[in-house]
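J.: Return a 3D structure for these sequence lines:
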Amino acid sequence: MSDACGCHGSKGGPMPEVTFSTFILSLASSALVQLGEVPNPETGRVERDLLLARHNIDVLEMLRQKTDRCLEERERRLLEGVLYELRMKYVIKCGPDGDRETAAS
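T.: Got it, this is the predicted structure:
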């Protein structure tokens, strides 16, 4: 029987509580998949889409700017740490100008 209420994920387990931190981690996880750092959970394959990774990093930066004075210290540190790590991985993949060839890994 399907779960019509939507309270379980596609794998049948309960969905995590929605918090600012889980939202940030979800976006960061997507960016890691797009950077080719971890396998795509749907296909199990390592894929790379640097344009989409950059978009998710930009979304996280926009959230950092818009929530600048509204976050708890723990949330602020999480967001800044995630942004730092993703940016470093992006630079390694693309080069400092973001224009390196995006050949498959």
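
J.: Which residues belonging to the longest helix belonging to the chain are considered buried?
T.: As assigned by DSSP state H, the longest helix anywhere in the chain is helix 73-94. Across helix 73-94, burial judged by 16 or more other C-beta atoms under 10 Å covers 78, 79, 82, 83, 86, 89, 90, 93, 94. The C-beta positions use only the backbone N, C-alpha and C, and glycine is treated the same way.

J.: Equivalent analysis for stretch 47-62, please.
T.: Buried, per 16+ other C-beta under 10 Å, within stretch 47-62: 48, 49, 50, 53, 54, 56, 57, 60.

J.: Now the second one: phi and psi?
T.: What that stands for is residue 49. Per-residue torsions, residue 49: phi -140, psi 90 (degrees, to the nearest 10).

J.: show me where pLDDT drops low in the chain?
T.: Regions of the chain meeting the criterion pLDDT under 70 cover residues 1-12, 96-105.

J.: 80 - rerun?
T.: 1-13, 95-105 (pLDDT under 80).

J.: So which residues of it form helices?
T.: 20-34, 50-66, 73-94.

J.: Extract the C-alpha set from the longest one and format it as CSV.
T.: What follows is helix 73-94, C-alpha atoms only, in CSV (Å, rounded to 0.1, in the frame of the first residue of the first chain):
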residue,chain,number,x,y,z
GLU,A,73,25.2,30.8,16.2
ARG,A,74,25.1,27.0,15.4
GLU,A,75,23.1,27.6,12.2
ARG,A,76,25.4,30.4,11.1
ARG,A,77,28.5,28.3,11.6
LEU,A,78,26.9,25.4,9.7
LEU,A,79,26.0,27.6,6.8
GLU,A,80,29.4,29.3,6.6
GLY,A,81,31.2,25.9,6.9
VAL,A,82,29.1,24.3,4.2
LEU,A,83,29.7,27.2,1.9
TYR,A,84,33.4,27.2,2.5
GLU,A,85,33.7,23.4,1.8
LEU,A,86,31.5,23.5,-1.3
ARG,A,87,33.3,26.5,-2.8
MET,A,88,36.7,24.8,-2.3
LYS,A,89,35.5,21.7,-4.0
TYR,A,90,34.0,23.8,-6.8
VAL,A,91,37.3,25.6,-7.3
ILE,A,92,39.2,22.3,-7.4
LYS,A,93,36.8,21.0,-10.1
CYS,A,94,36.6,24.2,-12.2
